[in-house]
Every structure is written in structure tokens, then in C-alpha cells.
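>>> Everything below, folded, please.
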Amino acid sequence: DLGKFQGANRVLGSAMASVGEVMAIGRTFEESFQKALRMVDPSNPGFEPIDGMELPDDSLEKKLVIPTDRRVWGIAEALYKGQGWDKHRVRDLTKIDDWFLSRLDKIAATGKDKDKWAALKPLIQSHDAKATSLLREIKQLGFTDEQIANFCGGLSDDDVRACRKALGVIPRVKQIDTLAAEYAAETNYLYTTYHGDDDDQLAGDAKGGTLVLGSGPYRIGSSVEFDWCGVSAMRALRGSGARGVMVNCNPETVSTDYDECDALYFEELSKERVLDVYEREGIDTGCVISMGGQIPQNLAGP
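All right, here's what the predicted structure looks like:
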């Protein structure tokens, strides 16, 4: 939201300078990090350059040295760019630990591998079984169907989704352990991942009901009032005896208290993930999009 204030200082320090937050959960840093970038703003595709790669080296260096809310995109540009840029140069400029940069570099190495995408495209188009392992590997790095389609070129996210489902490359539902493995967790606190062969909850556990989309991160113009709407909708559903499933990614909200709904998915508010949850839960009485503000309403199609 800093971009909404003319003249605002974007340099990040020890002072609180944010309106809202997200919580992304996955089995690896790569998977979680790409989720988090999209959760902050659905217009972010993931960890890839969003401002092009035309910055001269001195300007890119400045973007990396000064910590701002835009620095992550400078890191993406540097790792995708090549031409003398690598994780070691980024580390020297940002002082970010190698552990993180190595994982970001792994995402970038896949994103800029044109040969891999060229080989994958015809396999997706023909639903060839040879695409199975490659698609799973890419999904485990946190890439969305839309990203895959864009990197391949000439495909849509629906093409990628259809191929994935045909080949059995689907996300697995895992339960967040709220008891540190001391006791068996019984909470309906769920997330999806491509790192797994089965669900913590059996597919037969799907009981239908109504899906309610939350508001995502708080921001100027979309704040706690929409969380109140989502929670009120959920309480009305459950009060009438209906089953309610919530999808949201904001840890500040009442809607992400696991006892407010029958199943809580701490997930992205995106077309791909909403469809995953909808199908996995066997939703049979519709999806409520009008209670979460602009982000869920933007998902509504004609």
C-alpha cells in the first residue's frame, strides 16, 4: 500500500510499515514463498520479474542494496537476467543468507530454462504421461498453472489444469500440526502441497457444503469489515445446519480461526486454488464470493 501515498518513504527498517499480512504454508520454502508473493497481491505471478529486465546494472544494484518493499522483484530480475548476475553477486549486495538465495535461484533456474518449457508444451497438449514427473517437479517449486502456461507459450491455465488432472498431478491436502507432534492434531486447519502422495484427510471425508472466500490481506480500502462479512456468512451457514468451508490467507482474521468453520484452507485466493478446494471438498451448494471484498469478487467469471 505504500504506492498509494505520494512521497512515502519505501525504505524498510525496524519500524512497522505495513497494513496487513499473509501466511503461506507449504512443504518447502520455494513452494511457500511463491504462494506468499501471490497472496500479497493476486497480480503478482510468483517469483519472476514483473518490471521487465531492462534496468542497467547500476540501477539494479541500487535496487538490491536499498531494502524496500520492491527489492524482491529486483532479486528476481537479477537471478533471471544472467549476464554476470548470480546468487553470489546478489548476496554481496543484499547480505541475504545463502540458504534463501539458493532456493530463490532454484526457482529462477526453472523459470528461465527455455528448453524445459519447449519440451513440456507438446506433452501438455497431448496429455502425454511423460509430462507427469516434470509437472510435479515444477509444481513443487510453487509455480501456478498460469505461470506454466505463460512460460510454455500458446497455452492457457485451463490447458495445464486439464493435463495435470488427467495425469494425476494434483495437490494433496495436509493438516497443520497445532500440537507440535505431542498429540494427534484434530483441527481442520488445512493447506495444499505437491509434496506428498496422499491426503491427511481421506477423499471420502469430503462432505459438500458451501465455500466462502475470505478477504485476503488487509489493505487500504479492504480491511476488517470484509472479515466481519465473511465470518457472519459462515456463522449463518453453520447456524442453519449447513457445512461451511473457508479459504483465506490472512492470519490476523477471525475467519482463519479454525473453529469458525467446518474446514479452513489457509490458501491463495486464486482461480486455481479455489477450484482445487471446491473439487476436493465436493462443494454442492455453491461458493460465496460477495463477502470478501474485491479480491474474491475478481475471481467471478461470466
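>>> you'd agree Met291 is up against Leu213?
Yes - contact status for Met291 versus Leu213: in contact at 7.5 Å, counting by Cβ atoms under 8 Å. Glycine gets a C-beta too; all of them are placed from N, C-alpha and C.
>>> Now do the strands in this protein.
Listed in chain order, the strands of the chain (DSSP state E) span 172-175, 189-193, 210-213, 244-248, 263-266, 287-288.
>>> neighbouring strands for the fourth one, and are they parallel or not?
What it means is strand 244-248. In the sheet, strand 244-248 lines up against strand 210-213 (parallel), strand 263-266 (parallel) (DSSP bridges).
>>> which of these has the lowest average pLDDT?
For those, mean pLDDT drops lowest on strand 263-266, to a mean of 92.
>>> which outside residues touch it?
Under the criterion Cβ atoms under 8 Å, 6 or more residues apart in numbering, residues 23, 25, 176, 188-192, 245-249, 251, 256, 258, 273, 277, 281 lie in contact with strand 263-266.
>>> Distance check, Tyr11 against Pro217.
Just so we're on the same page, residue 11 is Val rather than Tyr. Distance, Val11 to Pro217, using Cβ to Cβ, to the nearest Å: 21 Å.
>>> Between those two, tell me which one has more neighbours.
Using other Cβ atoms under 10 Å as the criterion, Val11 and Pro217 rank with Pro217 on top: 24 against 11.
>>> Surely the more buried one touches Met39?
Yes - using Cβ under 8 Å, Pro217 is in contact with Met39, at 6.7 Å.
>>> Quick check: buried residues in stretch 229-240?
By neighbour count, with 16 or more other Cβ atoms under 10 Å as the criterion, the buried positions of stretch 229-240 are Cys229, Gly230, Val231, Ala233, Met234, Leu237, Arg238.
>>> related to what we said a few turns ago, how about the strands paired with strand 244-248 in JSON lines, adding mean neighbour count?
Formatted as JSON lines, these follow (neighbours: other Cβ atoms under 10 Å):
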{"stretch": "strand 210-213", "mean neighbour count": "25"}
{"stretch": "strand 263-266", "mean neighbour count": "25"}
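>>> So for Lys62, which of those strands sits nearest?
Nearest to Lys62, of all the strands paired with strand 244-248, is strand 263-266, at 35.9 Å by Cβ to Cβ.
>>> Tell me the gap between that closest one and the middle of its chain.
Distance, stretch centre to chain centre, for strand 263-266: 14 Å (Cα atoms, centre = their mean, to the nearest Å).
>>> which residues does Val65 contact?
Val65 sits next to Leu93, Thr94 when contact means Cβ under 8 Å, 6+ apart.
>>> do that again at 10 Å, thanks
Neighbouring residues of Val65 by Cβ atoms under 10 Å, 6 or more residues apart in numbering: Arg71, Gly74, Asp92, Leu93, Thr94, Lys95.
>>> And those residues, which is closest to Glu48?
Distances from Glu48 to the contacts of Val65, taken by Cβ to Cβ, are shortest for Gly74, at 12.3 Å.
>>> ok, back up a step: give me the buried subset of the contacts of strand 263-266.
23, 25, 176, 188-192, 245-249, 256, 258, 273, 277, 281.
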